[in-house]
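Undergrad: Curious how this folds, go ahead:
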Amino acid sequence: MSSPLYLGIDTGGTYTDAVLFNDTDGVIAKAKSLTTRHDLAVGIGGAVSNVLQESRAPASAIALVSLSTTLATNALVEGQGGRAALVMIGFGPNDLKRDGLGDALGRDPVIFLAGGHNVHGQENSLDLGPLVTGLDALKTDVDAIAIAGYFAVRNPSHEMAARDLIRDRTGLPVTCSHELSSKLGGPRRALTTLLNARLVAMIDRLIGATESYLKTCGIDAPLMVVRGDGALIASQMSRSRPIETILSGPAASLVGAHHLTGAENGVVSDIGGTTTDVAVLEGGRPQLDPDGAIVGGFRTMVEAVAMRTFGLGGDSEVHVDESGLETRLSLGPRRLVPLSLAAHHDPDSVLEALSRQQQGQQPGRLDARFVRLTGLPEQAAAGLQPQEAALLGTLGTGFLPLDQILGAASQRATLDRLVARGLAQIAGFTPTDAMHVLNRQNNWNRDAAMAGAALLARRKNGAGKRVANRPETLAQMTIDRLTRQSAEMILTACLAEDGQASIDPGRSQPIASALTRRAGIVQFSLSLDRPLIGLGASAAAYYPDIADMLSSDSAVPTHADVANAIGAVVGQVRVTIDVVVSQPEDDIFAVNGAQLSERHLEESKAMDRAREIARAAALDASMAAGAMDPIVTLSETIDAPEIGGTRQFVEARVSATASGRPRIAHR
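TA: Residues are numbered from 1 along each chain as shown. Down below sits the predicted model:
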């Protein structure tokens with residue numbers, strides 16, 4: 001009997017990848033299709049249909065589908081996402097100043113309720129009145145609602161009461177903080193929950209599009225999604241917990257990198273259209289970040305690979321600094337639609353506008369810039385200000401030149417807000433266009449890339465000189481800048497792993513001297529102690545030069561372009577449940593976790609009950625997450641110091657981890 005056939009899908013900011021894989025032969029076929037943000041099913045369908053056609057395998061033979069994505073990561077890096085309300089129970093306004101919560105909230109609404117619990121799970125009086133009063137306004141103003149209660153990880157009853165009320169009155173998606181993390185630290189848990197709420201609609205569209213296409217083409221198999229720690233989770237569960245998919249793509253790429261190279265140790269760098277993700281492979285396993293993943297400048301409570309995500313990719317925005325006597329380029333963090341791709345979709349209007357701008361006497365700041373609607377559903381525009389709605393109404397599905405759309409400087413900020421909401425896309429010159437200019441990439445429209453490079457090249461620096469004499473020179477400057485920025489980002493991640501996070505490679509003169517081989521009486525050099533493993537569709541084009549700058553060995557494995565999709569199908573389901581035992585009073589032991597709060601009179605009985613609860617909850621959660629025949633392991637820590645010869649029980653934590661391969665369809 002042949003081994004089961006698995007379908008791996010990775011939906012990135014630019015491409016959607018698909019692979020067919022089995023345990024006997026490995027990769028059987030692979031394919032790519034452009035990600036279509038307005039209707040994700042189109043890009044998914046293109047990749048899956050192409051891979052099925054290449055392999056000639058019948059759709060009915062697929063026993064498992066697994067999905068990884070960078071959409072949630074990209075959204076947080078680019079400051080995008082839906083509008084969400086935050087309900088805080090037992091907190092006050094000053095708590096918004098902690099852990100970046102106020103910055104993340106921005107202009108989104110917040111409601112404070114009296115209530116919450118203490119560290120042992122005992123409640124304060126809950127007042128739902130302000131929530132009842134505010135719900136009528138919220139249900140038409142936001143896409144989702146996040147709830148964070150004081151010490152909700154010890155007793156979630158107040159969060160659950162608020163959740164039930166909101167669902168009954170509004171029907172909106174609701175996220176409770178206790179569902180996402182069992183760790184203390186209310187404001188950061190609230191931040192994580194808020195970001196989760198912002199992502200619900202996006203991930204729901206992705207999973208819905210995937211399920212719809214699979215059904216259409218006759219694939220009847222379980223659908224799994226990769227979490228940020230590399231484990232798999234059933235798609236229905238990930239709909240309500242999309243924050244767990246941040247770093248999903250990067251985590252899948254690490255799993256894929258180890259599978260493809262067999263390397264026990266390496267620095268894995270995955271370049272996509274929007275981001276570059278860097279992590280260290282140690283002993284064949286990605287390390288998890290004990291403090292929670294940092295994405296978009298916010299430290300979350302999501303357990304994920306110890307990955308650094310930088311806003312740098314093949315589609316990064318190219319900035320020209322004209323203030324100095326020498327021209328300087330910088331890239332990112334915002335992703336643009338490359339001009340070559342914009343003209344591939346809409347050649348007449350894009351090429352005509354670029355030609356008109358080239359005929360102008362003076363370079364304009366809006367030259368080679370276009371905008372179009374993303375095509376998100378109408379409800380995604382909820383809560384827009386009048387000026388935002390007015391500007392949105394002038395846009396269409398085709399690319400329009402910015403110099404004809406924006407009539408005042410204030411409108412640029414308005415457009416940026418529409419882009420941040422994911423309602424509009426900007427097109428402009430990117431490293432992908434530079435590769436087209438240099439004939440190192442040829443899949444889209446080179447004429448548009450050349451015109452964009454020419455328009456940027458004729459701009460003047462502080463000395464009154466042109467940025468570059470030829471489009472090819474500007475293109476090479478762009479690729480050189482990508483190489484340098486990539487090297488600095490890789491060093492940033494590696495130095496942090498070495499405990500040297502205070503060193504900024506972008507500002508360090510010795511590091512600059514080492515990277516550029518600058519001559520001097522004192523010679524500086526540096527290298528990595530393990531190979532640089534480059535992943536991504538453009539890895540073969542970029543990473544040899546990056547590794548050379550770092551004086552390090554490089555490895556770009558076969559199938560590096562679909563490593564994420566491979567990693568998606570070779571992972572396991574893994575769920576961990578924590579139960580805490582504390583002592584609120586003499587001879588009283590509180591057991592809190594898995595949505596239970598109990599009291600016991602003996603430590604031994606409390607510990608036995610904690611183990612029982614943790615084991616059963618982990619087993620149930622892993623089965624709900626899609627595991628087949630999961631195995632449960634227990635670990636525990638007890639804080640009970642001896643003071644004056646007497647043992648003093650403080651707290652104990654019991655952790656149960658259930659893991660197993662995902663269930664498959666049996667043919």
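Undergrad: May I have the residues that are in contact with residue 578?
TA: Residues in contact with residue 578, defined by C-beta atoms under 8 Å, 6 or more residues apart in numbering, are 182, 593, 614, 653, 654, 655. The way it works is simple: take the backbone N, C-alpha and C, and place the C-beta from them, glycine included.
Undergrad: How about residue 108?
TA: With contact taken as C-beta under 8 Å, 6+ apart, residue 108 is in contact with 83, 84, 85, 86, 142, 194.
Undergrad: What helix or strand is it located in?
TA: Per DSSP states H and E, residue 108 falls between elements, in no helix or strand.
Undergrad: Tell me, what's the model's pLDDT at it?
TA: As summarised for this prediction, residue 108 has a pLDDT of 88.
Undergrad: and if you look at residue 236?
TA: 86.
Undergrad: can you check the one 10 residues further on too?
TA: Among the per-residue scores, residue 246 holds a pLDDT of 76.
Undergrad: hang on, it packs against residue 228?
TA: Yes: contact criterion C-beta atoms under 8 Å: residue 246 and residue 228 qualify, at 5.3 Å.
Undergrad: neighbour-wise, which of these two wins?
TA: residue 246 (34 against 28; other C-beta atoms under 10 Å).
Undergrad: measure that one to residue 556 for me?
TA: Noted for residue 246: a distance of 26 Å to residue 556, by C-beta to C-beta, to the nearest Å.
Undergrad: And for residue 125?
TA: Using C-beta to C-beta, which is the criterion applied here, residue 125 is 61 Å from residue 556.
Undergrad: go on, residue 175?
TA: Look at residue 175 and residue 556: by C-beta to C-beta, they are 39 Å apart.
Undergrad: Give me the more crowded residue out of those two.
TA: Counting neighbours by other C-beta under 10 Å for residue 175 and for residue 556 shows that residue 175 has the greater number, 27 against 19.
Undergrad: List the contacts of that one.
TA: Contact criterion C-beta under 8 Å, 6+ apart gives 144, 145, 146, 147, 193, 196, 197, 200, 240, 241, 243 as the residues in contact with residue 175.
Undergrad: Reformat those residues into TSV and put distance to residue 113, pLDDT and secondary structure next to each item.
TA: Shown next, in TSV, are the contacts of residue 175 (distance: C-beta to C-beta, whole Å; pLDDT from 0 to 100; DSSP: H, G, I helix; E, B strand; the rest coil):
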residue	distance to residue 113	pLDDT	secondary structure
144	18	87	strand
145	13	91	strand
146	13	92	strand
147	9	94	strand
193	15	89	helix
196	19	83	helix
197	17	86	helix
200	21	82	helix
240	22	79	helix
241	23	81	coil
243	22	79	helix
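Undergrad: Let's have these in TSV, adding neighbour count and distance to residue 581.
TA: Conversion of those to TSV gives the following (neighbours: other C-beta atoms under 10 Å; distance: C-beta to C-beta, whole Å):
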residue	neighbour count	distance to residue 581
144	24	34
145	29	32
146	30	29
147	31	26
193	31	25
196	30	28
197	28	31
200	25	34
240	18	28
241	19	26
243	31	28
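Undergrad: which one of those is nearest residue 391?
TA: Taking C-beta to C-beta as the measure, residue 391 sits nearest to residue 144 out of the contacts of residue 175, at 24.5 Å.
Undergrad: picking up where we left off before, please identify, among the contacts of residue 108, the one with the most neighbours.
TA: residue 194 (30 neighbours).
Undergrad: Now that residue. Nearest residue, chain neighbours left out?
TA: Distances taken as C-beta to C-beta, 6 or more residues apart in numbering put residue 146 closest to residue 194, at 4.5 Å, once the chain neighbours are dropped.
Undergrad: Tell me the strands beside the lowest-mean-pLDDT helix or strand in the chain, with direction?
TA: The helix or strand with the lowest mean pLDDT-type score in the chain, counting by mean pLDDT, DSSP states H and E, is strand 294-295 (a mean of 71). Using DSSP bridges, the strands paired with strand 294-295 in its sheet are strand 298-299 (antiparallel).
Undergrad: Need the contact partners of the helix or strand following the strand it pairs with.
TA: The element immediately downstream of strand 298-299 (helix or strand, assigned by DSSP H and E) is strand 307-310. Contact partners of strand 307-310, identified using C-beta under 8 Å, 6+ apart, comprise 73, 77, 247, 250-251, 254, 275-279, 286, 289, 293-295, 332-333, 489, 492-493, 496.
Undergrad: where exactly do the strands run in the stretch 51-200 of the chain?
TA: Along the stretch 51-200 of the chain, counting by DSSP state E, counting those that start in this stretch, strands occupy 62-69, 84-89, 110-113, 144-149, 174-176.
Undergrad: Format those as CSV; extra columns: distance to residue 541.
TA: Output for the strands of the stretch 51-200 of the chain, formatted as CSV (distance: least, C-beta to C-beta, whole Å):
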stretch, distance to residue 541
strand 62-69, 23
strand 84-89, 39
strand 110-113, 46
strand 144-149, 39
strand 174-176, 40
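Undergrad: which stretch among those comes nearest residue 386?
TA: Among the strands of the stretch 51-200 of the chain, strand 84-89 sits nearest to residue 386 (C-beta to C-beta), with 20.8 Å.
Undergrad: Who are the packing partners of that closest one?
TA: Taking 3 or more C-beta pairs under 8 Å, 6 or more residues apart in numbering; DSSP states H and E as contact, the helices and strands that strand 84-89 lies on are strand 110-113, strand 144-149, helix 157-170, helix 186-216.
Undergrad: Run the chain-centre distance for that strand.
TA: Between the centre of strand 84-89 and the centre of its host chain there is 22 Å, according to C-alpha atoms, centre = their mean, to the nearest Å.
Undergrad: Only alpha carbons, please: show that strand as CSV.
TA: Output in CSV follows, covering the C-alpha atoms of strand 84-89 (Å, rounded to 0.1, in the frame of the first residue of the first chain):
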residue,chain,number,x,y,z
ALA,A,84,-11.7,46.0,17.2
ALA,A,85,-13.1,47.0,20.6
LEU,A,86,-11.4,46.1,23.8
VAL,A,87,-13.3,45.3,27.0
MET,A,88,-11.2,45.4,30.1
ILE,A,89,-12.6,43.9,33.3
